[in-house]
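Participant: need a 3D model of the sequence below.
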Amino acid sequence: MTPADWQIQNIWLGLGITFAVFGLYYIVALINNKKTENATDLYLAGRSVGPVINSLAASSTWMSVATFLGVVALIQQLHLPFVFMWIQLILSVPLLVMLYGASLYRMGVFTSVHFVQVRYGRNTAFLAAAWMLLIMLMYMVGQFIGIAKVFEVLLGLPYMPSLILSALVITGYVTIGGMKGATYNDAIQMVIMMIALVVPLGAILKAMGVSGYWFPPLGYGDMTDTLLAQIPTFFDLKYEARFYVALFVSLTIGTLGLPQLAQRVLTSESIKAARRVVPWFCLWVGVMFLATYAMGFAGVYHFALIDTELTPEAADKTTLLLNLAYNPEWVSAFVIAGVLAAGVSTIAGLMIGVATVVGHDIVGVLKPHLPEKSQLRYGYFALAGTGIVSLLVSLNPPAFLVTSIFWAFGLCATAITPMVVLGVWSTRINTWGAFWGSILSGALYILLSPYVFGNFSVGSGLVAALGFSTSLISVPVGFILTIVISLAAEKMKSGEAADERRIAQETVEGMHGWVDVTRQRYDSSQWLMILAALWVPILLWGMVPWQ
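Facilitator: Residues are numbered from 1 along each chain as shown. Okay, here's the model as predicted:
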């Protein structure tokens, strides 16, 4: 296929939808800029967001451009039944709220890195901040790649000018609006996304002759017999069993450490409001995930019938190609608005996350007595700098935009989640275990990936490229090292470890809402050893050569 096959022919339609969408986002950003008076407003929207708006914003931040483009491309190219993946991903925010979100809210911290600083000290916080910046940068690269491809379709521009244009426009409105502007824009973008995916999908299914078009997320059943006649292996499990375990280890556990989702919980007006985000989030995300799979299925069906094989670059545009094939151009333009909303909302959350880590968790620690205005200035500089760095990294993108996104999940599951979750629930986890467990397991994840020493990578092909095979080794190592080194440090550095443990008891029990501090709560080493032992067979299974 040539670029002309996936571009809107009416350039004014493309320009119109672009100006309309970003005009709305800039208006919301400017309104909320006037309400940003301090660091809490800039980074956490003043902790004033209600559950419905926050659930829409969290869902929007979580969706990303991969929902519309990247995952549909994987279904198109690999014929993977990705429904099982959504089940694991939808667990993310419920688990995040239950495992540490409410506790961090009660503690009054700005980010999970801020928690690491309070719990383990400066050096471990700086390590966590470095990991977070790398993770968010890799996650953001995939979003910028997707947005640039949307601008290719909208305006007929080559990739490079599309990338530069999208980066400048997005960085501008996020920098102006801060977290308040990003939150309300994200909520608006989620509504746009749901309408732009589900309604045109129903029209596509109806044009294909599907009787269940009236409920697009599950309406593709009529197509299965015809598709299986063309592709008999479509529903076959393409990988060995541990691949699906690796998805849980990488995606679900990785999501727990993602800063942009944790910050969404921390923007809530109360802990009760944070908990009410969960059912709404599951509803919005569930509808979107099911519709995404239906779109991928429809894409496989369409291109199988016309006997056309797509390149990875064209596969990323499957959603757009289907709409151009079955719907009027103005509908395709509205779908593109949904894709823009998906990418922009996630970038906004990530940029706010980066700015918070830099402005609050790094500069704020190095210069703790900075005036409020100076803190705001550093935060705005960090927001703008994030956009520029992401633009530079995106100049040479991977073939699949989803590669960098999934790779970031695995690193987060390895280097961040163990120190945060274990630190919230056990006073026995200390600085030594958190620091060395994170740095050693994170380095292992990077070294075993195909991007450093290709001959030493675990697995091969897309399984290795996305980080799934590596996660099955590095994540167990991260949990095991964090636990074992912490308990060993108690023996080797008994005096220092005892002092840290006493402080940890007050911190941990206080963040769980206990007024009186006792030595019994969260102080057992037995469950830590059991958890470490449970990770051992998974680690050994991950070390078996992949087929």
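Participant: isn't Ala315 right next to His79, touching?
Facilitator: No: here Ala315 does not reach His79: they are 11.6 Å apart, not a contact under CB atoms under 8 Å. No exception for glycine: its C-beta is placed from N, CA and C like everyone else's.
Participant: who has more neighbours, these two?
Facilitator: Higher neighbour count among Ala315 and His79: Ala315, with 23 against 18, using other CB atoms under 10 Å.
Participant: where does Thr346 sit, in terms of helix or strand?
Facilitator: For Thr346, the host element (DSSP states H and E) is helix 329-356.
Participant: by contact count, what packs against that helix?
Facilitator: On a contact count with 3 or more CB pairs under 8 Å, 6 or more residues apart in numbering; DSSP states H and E, helix 329-356 meets helix 11-33, helix 39-44, helix 51-65, helix 122-155, helix 159-207, helix 259-266, helix 318-326, helix 372-393.
Participant: now do the buried residues in it.
Facilitator: By neighbour count with 16 or more other CB atoms under 10 Å, helix 329-356 contains the buried residues 331-356.
Participant: can you redo the helices and strands packed on helix 329-356 as JSON lines with mean neighbour count, distance to Gly423 and mean pLDDT?
Facilitator: What follows is those, written out as JSON lines (neighbours: other CB atoms under 10 Å; distance: least, CB to CB, whole Å; pLDDT from 0 to 100):
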{"stretch": "helix 11-33", "mean neighbour count": "17", "distance to Gly423": "33", "mean pLDDT": "76"}
{"stretch": "helix 39-44", "mean neighbour count": "24", "distance to Gly423": "21", "mean pLDDT": "64"}
{"stretch": "helix 51-65", "mean neighbour count": "26", "distance to Gly423": "23", "mean pLDDT": "79"}
{"stretch": "helix 122-155", "mean neighbour count": "24", "distance to Gly423": "10", "mean pLDDT": "78"}
{"stretch": "helix 159-207", "mean neighbour count": "22", "distance to Gly423": "25", "mean pLDDT": "80"}
{"stretch": "helix 259-266", "mean neighbour count": "26", "distance to Gly423": "14", "mean pLDDT": "72"}
{"stretch": "helix 318-326", "mean neighbour count": "23", "distance to Gly423": "40", "mean pLDDT": "82"}
{"stretch": "helix 372-393", "mean neighbour count": "18", "distance to Gly423": "25", "mean pLDDT": "71"}
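Participant: closest to Gly459 out of those helices?
Facilitator: helix 122-155 (18.7 Å; CB to CB).
Participant: what sits against the closest residue to Leu24 other than its chain neighbours?
Facilitator: Excluding the flanking residues, the one nearest Leu24 by CB to CB, 6 or more residues apart in numbering is Ile188, at 7.0 Å. Residues near Ile188 by CB atoms under 8 Å, 6 or more residues apart in numbering: 24-25, 28, 341.
Participant: among the helices and strands packed on helix 329-356, which comes closest to Leu104?
Facilitator: helix 259-266 (6.5 Å).
Participant: packing partners of the closest one?
Facilitator: With contacts taken as 3+ CB pairs under 8 Å, 6+ apart, helix 259-266 sits against helix 39-44, helix 51-65, helix 92-96, helix 102-107, helix 112-120, helix 122-155, helix 271-305, helix 329-356.
Participant: Val463 is nearest to which of these?
Facilitator: Closest among the helices and strands packed on helix 259-266, using CB to CB: helix 122-155, at 17.7 Å.
Participant: re the thing from before, mind putting the helices and strands packed on helix 329-356 into a markdown table with distance to Gly442?
Facilitator: Shown next, in a markdown table, are those (distance: least, CB to CB, whole Å):
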| stretch | distance to Gly442 |
| --- | --- |
| helix 11-33 | 35 |
| helix 39-44 | 25 |
| helix 51-65 | 23 |
| helix 122-155 | 6 |
| helix 159-207 | 27 |
| helix 259-266 | 16 |
| helix 318-326 | 34 |
| helix 372-393 | 19 |
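Participant: nearest to Phe435, of those helices?
Facilitator: Here helix 122-155 is closest among these (CB to CB), at 4.6 Å.
Participant: how about Ile204, what does it touch?
Facilitator: 295, 298, 322-323, 326-327.
Participant: mind putting those into TSV with distance to Gln230?
Facilitator: Converted to TSV, the contacts of Ile204 look like this (distance: CB to CB, whole Å):
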residue	distance to Gln230
Met295	18
Ala298	13
Leu322	17
Asn323	22
Tyr326	18
Asn327	23
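Participant: nearest to Arg502, of the residues you listed?
Facilitator: Nearest to Arg502 among the contacts of Ile204, with distances taken as CB to CB, is Met295, at 54.8 Å.
Participant: how far away is the residue sitting nearest the centre point of the chain from Gly353?
Facilitator: Nearest residue to the geometric centre of the chain (CA atoms, centre = their mean): Trp62, 5.5 Å. Per CB to CB, to the nearest Å, Trp62 is found 13 Å from Gly353.
Participant: hmm, back to that, with Thr482 as the reference, name the closest of the helices and strands packed on helix 329-356.
Facilitator: helix 122-155 (11.1 Å).
Participant: the closest one versus helix 11-33: what angle between them?
Facilitator: 150 degrees (axes from the mean of the first three to the mean of the last three CA atoms, to 10 degrees).
Participant: so how far is helix 122-155 from its chain's centroid?
Facilitator: 10 Å (CA atoms, centre = their mean, to the nearest Å).
Participant: what of stretch 205-223?
Facilitator: On CA atoms, centre = their mean, the centre of stretch 205-223 falls 30 Å from the chain's centre.
Participant: for it, buried residues please.
Facilitator: For stretch 205-223, by 16+ other CB under 10 Å, it's 205-206, 208, 210, 212-213, 216-217, 219-220, 223.
Participant: turn these into JSON lines, including distance to Val109 and secondary structure.
Facilitator: Formatted as JSON lines, those follow (distance: CB to CB, whole Å; DSSP: H, G, I helix; E, B strand; the rest coil):
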{"residue": "Leu205", "distance to Val109": "46", "secondary structure": "helix"}
{"residue": "Lys206", "distance to Val109": "50", "secondary structure": "helix"}
{"residue": "Met208", "distance to Val109": "50", "secondary structure": "coil"}
{"residue": "Val210", "distance to Val109": "49", "secondary structure": "coil"}
{"residue": "Gly212", "distance to Val109": "47", "secondary structure": "coil"}
{"residue": "Tyr213", "distance to Val109": "47", "secondary structure": "coil"}
{"residue": "Pro216", "distance to Val109": "41", "secondary structure": "helix"}
{"residue": "Pro217", "distance to Val109": "37", "secondary structure": "helix"}
{"residue": "Gly219", "distance to Val109": "44", "secondary structure": "coil"}
{"residue": "Tyr220", "distance to Val109": "44", "secondary structure": "coil"}
{"residue": "Met223", "distance to Val109": "49", "secondary structure": "helix"}
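Participant: now for these, which pair is the farthest apart?
Facilitator: Going by CB to CB, the pair spanning those furthest: Met208 and Pro217, at 15.3 Å.
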